[in-house]
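Peer 1: got a sequence here, can you build the structure:
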Amino acid sequence: MKNVKALSIAAIAALSMISFSSFAETVSVTSSTLDGAESKIAAQAQEQGAQYKITEANTNNRVHMTAELYK
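Peer 2: Model (predicted):
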């Protein structure tokens, strides 16, 4: 009985991670400004009917920005 319970918990945990990962996507863009980069990310999120969270932004001569899209 303990093995069945442990297996059930493991299966539920695995399935919940799979379903979460199917709704998340990481995107990266480049632009000459922070506003331009965020606009590109916002447009991609809107196309997919998703929200976004910026996870990284780097400014040297150009802006490189990474975000996670999620539903």
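
Peer 1: what segments of the chain are strands?
Peer 2: 24-31, 51-59, 63-70 (DSSP state E).

Peer 1: indicate which one of the ones you listed is closest to Gln44.
Peer 2: strand 24-31 (5.5 Å; CB to CB). (Glycine included, C-beta is placed from N, CA and C.)

Peer 1: now for the closest one, which elements pack on it?
Peer 2: Applying 3 or more CB pairs under 8 Å, 6 or more residues apart in numbering; DSSP states H and E, we find strand 24-31 packed against helix 34-47, strand 63-70.

Peer 1: again, only using 10 Å
Peer 2: helix 34-47, strand 51-59, strand 63-70 (3 or more CB pairs under 10 Å, 6 or more residues apart in numbering; DSSP states H and E).

Peer 1: need those in TSV with mean pLDDT, can you?
Peer 2: Shown next, in TSV, are the helices and strands packed on strand 24-31 (pLDDT from 0 to 100):
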stretch	mean pLDDT
helix 34-47	96
strand 51-59	94
strand 63-70	93
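
Peer 1: tell me the most buried of the ones you listed?
Peer 2: strand 63-70 (a mean of 18; mean count of other CB atoms under 10 Å).

Peer 1: that strand pairs with which strands, and in what direction?
Peer 2: Next to strand 63-70 in the sheet, as set by DSSP bridges, lie strand 24-31 (antiparallel), strand 51-59 (antiparallel).
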